[in-house]
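In: quick check, what structure comes out for this input:
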Amino acid sequence: MLWSLLFISLIGSAQNDDGTALCNTQLLPLNRTKTSQKSNYTDKNQLIYSSERATDGNMTTCAITGTESDPWWRIDLLRVYNISYITIYNTVAYNTDISGAQIHIGSSSENNGITNSICKEITNFKQNEWNNFTCITTMSGRYITVFYPGNKPLILCEVMIYGTITAPSSARNFKSTAQNETSITLQWNKVNDYISFILQFNGREIDIAAPDGDGPVTYTVSSLTAGTTYTFALFSVFENVRSSGVSITAVTAKRPNYVLVMNVEFELLTQLSDSDLQSVLEEVFRQYGLSPQLSFKVLRREIRKD
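Out: Presented below is the predicted three-dimensional model:
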């Protein structure tokens with residue numbers, strides 16, 4: 001199906017399909033995205049032209065569907081981006097002119113993203129060139145689908161996507177789940193497999209990687225001071241962009257003070273009642289920074305005559 005070889009060098013800057021220069025955008029990282037297509041074409045040598053070949057950085061390897069009705073190719077960016085434009089390259093070969101295809105952008109995976117809004121209908125596609133497609137209005141989305149109505153195979157040799165990275169969602173259910181005199185255990189909901197976290201407190205920042213599994217994230221902060229209130233701020237991070245963050249306060253447990261047995265002998269000029277004696281003992285405890293919670297029993301009273 002593909003018979004041409006490509007030897008090409010690219011010089012210059014990207015432009016819109018109307019010839020104007022594109023600014024203030026960046027090439028989005030596609031190495032951790034997920035691609036799919038309606039079906040895979042397999043050649044006589046059993047080489048499978050699968051969907052990820054359109055984002056492998058090699059313009060001579062192409063993703064190709066089978067010959068069937070209404071083929072599509074989709075990329076899941078795994079999070080929402082503001083999409084500036086999409087650029088597609090195809091070699092000169094049979095069926096590589098994809099004029100008539102549609103580019104859909106949105107955050108719904110329903111019907112393989114075809115139900116999302118149309119960014120652009122492809123016309124006058126040029127082979128052996130980068131074709132840049134800009135949406136009529138600014139569009140945001142997680143899924144980008146190239147839909148090709150008809151009964152031809154869809155061929156995409158290389159796809160690049162430009163846009164701006166939006167801040168990731170902040171973690172939910174951020175809370176303290178346990179504490180003792182020197183540590184506080186924090187917990188929050190995982191955002192997804194690609195979102196890491198930064199925890200801030202007392203002028204420190206701790207990087208926390210995205211954990212495996214679907215359960216909540218748990219982190220214990222240690223070497224704290226007993227009986228102290230701490231403020232923790234948690235930020236979700238993706239591609240060095242932080243969320244707005246969430247914060248909580250938590251308190252370490254107070255260090256307990258114990259007095260098991262205490263014998264006290266007073267020599268007083270006047271006789272005191274039991275309640276007076278308790279007041280004197282409470283004042284002694286306060287002077288040493290101890291909690292004046294006590295019970296006592298007078299064992300013996302003596303009256304000295306000098």
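
In: relative to A210, how far out is the residue positioned nearest the centre of the chain?
Out: The structure's the chain has its C-alpha centroid closest to I195; by C-alpha atoms, centre = their mean the separation is 2.3 Å. The gap separating I195 from A210 is 6 Å, by C-beta to C-beta, to the nearest Å. C-beta here means a position set from N, CA and C on the backbone, and glycine is covered the same way.

In: ok, now I105?
Out: Taking C-beta to C-beta as the measure, I105 and A210 are separated by 25 Å.

In: now S223
Out: Using C-beta to C-beta, we find S223 at a distance of 25 Å from A210.

In: repeat that for T35.
Out: Plainly put, T35 is 21 Å away from A210 if you go by C-beta to C-beta.

In: which of those two has more neighbours?
Out: Neighbours were tallied for T35 and for A210 using other C-beta atoms under 10 Å; the higher tally belongs to T35 (20 against 16).

In: where does the closest residue to that one other than its chain neighbours fall, phi/psi-wise?
Out: Closest residue in space to T35, ignoring its immediate chain neighbours: S51 at 4.0 Å, by C-beta to C-beta, 6 or more residues apart in numbering. In terms of degrees, to the nearest 10, the main-chain angles of S51 are phi -60, psi -30.

In: list the contacts for S51?
Out: S51 makes contact with T35, S36, Q37, N40, A63, W73, R74 under the criterion C-beta atoms under 8 Å, 6 or more residues apart in numbering.

In: now restrict those residues to buried residues only.
Out: Buried members of the contacts of S51, counted by 16 or more other C-beta atoms under 10 Å: T35, S36, Q37, A63, W73, R74.

In: who does the second one bridge with?
Out: The bridge-partner assignment for S36, based on DSSP bridges, gives R74.

In: got the contact list for it?
Out: Counting by C-beta under 8 Å, 6+ apart, S36 has contacts S51, W73, R74, D76, N112.

In: now stretch 138-147: buried residues?
Out: Of the residues in stretch 138-147, those buried (16+ other C-beta under 10 Å) are M139, G141, R142, Y143, I144, T145, V146, F147.

In: hmm, I typed the wrong one, I wanted stretch 98-116.
Out: Of the residues in stretch 98-116, those buried under the neighbour-count criterion (16+ other C-beta under 10 Å) are I98, A101, Q102, I103, H104, I105, G106, N112, G113, I114, N116.

In: give me the beta-bridge partners of the nearest residue to the third one once chain neighbours are set aside?
Out: Across the structure, with C-beta to C-beta, 6+ apart as the measure, the residue nearest Q102 apart from its sequence neighbours is F147 (4.7 Å). Going by DSSP bridges, F147 is paired in beta bridges with W72, Q102.

In: any idea how far F147 is from I114?
Out: Counting by C-beta to C-beta, the gap from F147 to I114 is 5 Å.

In: swap in T229?
Out: Distance of T229 to I114, computed by C-beta to C-beta: 53 Å.

In: which of the buried residues of stretch 138-147 lies closest to G215?
Out: Closest approach between the buried residues of stretch 138-147 and G215, by C-beta to C-beta: R142, at 23.1 Å.

In: for the closest one, which three-state class applies?
Out: Following DSSP: H, G, I helix; E, B strand; the rest coil, R142 is assigned to strand.

In: quick check: nearest residue in space to it, chain neighbours excluded?
Out: Counting by C-beta to C-beta, 6+ apart, the nearest residue to R142 once its immediate chain neighbours are dropped is S107, at 4.7 Å.

In: what does L156 give?
Out: Leaving out its chain neighbours, the residue that sits closest to L156 by C-beta to C-beta, 6+ apart is A54, at 4.1 Å.

In: is it correct that the one you found is in contact with I64?
Out: No - taking contacts as C-beta atoms under 8 Å, A54 lies outside contact range of I64: 9.3 Å.

In: where do the helices sit along this protein?
Out: For the chain, the helices defined by DSSP state H occupy 274-287.

In: domain map for it?
Out: Structurally, the chain divides into domains by automatic domain parsing as follows: 26-165, 175-251, 257-306.

In: now the residue nearest to the centre of the chain: how far from C119?
Out: Here the distance between I195 and C119 works out to 26 Å (C-beta to C-beta).

In: same deal with I86?
Out: Distance of I86 to C119, computed by C-beta to C-beta: 7 Å.

In: repeat that for P29.
Out: In terms of C-beta to C-beta, P29 sits 20 Å off from C119.

In: so for those two, which residue has more residues nearby?
Out: Set side by side, P29 and C119 show unequal neighbour counts under other C-beta under 10 Å, the larger going to C119 at 22 against 11.

In: now do the contacts for the more buried one.
Out: Residues near C119 by C-beta under 8 Å, 6+ apart: I83, I86, I103, H104, I105, F133, C135, I136, M139, I144.
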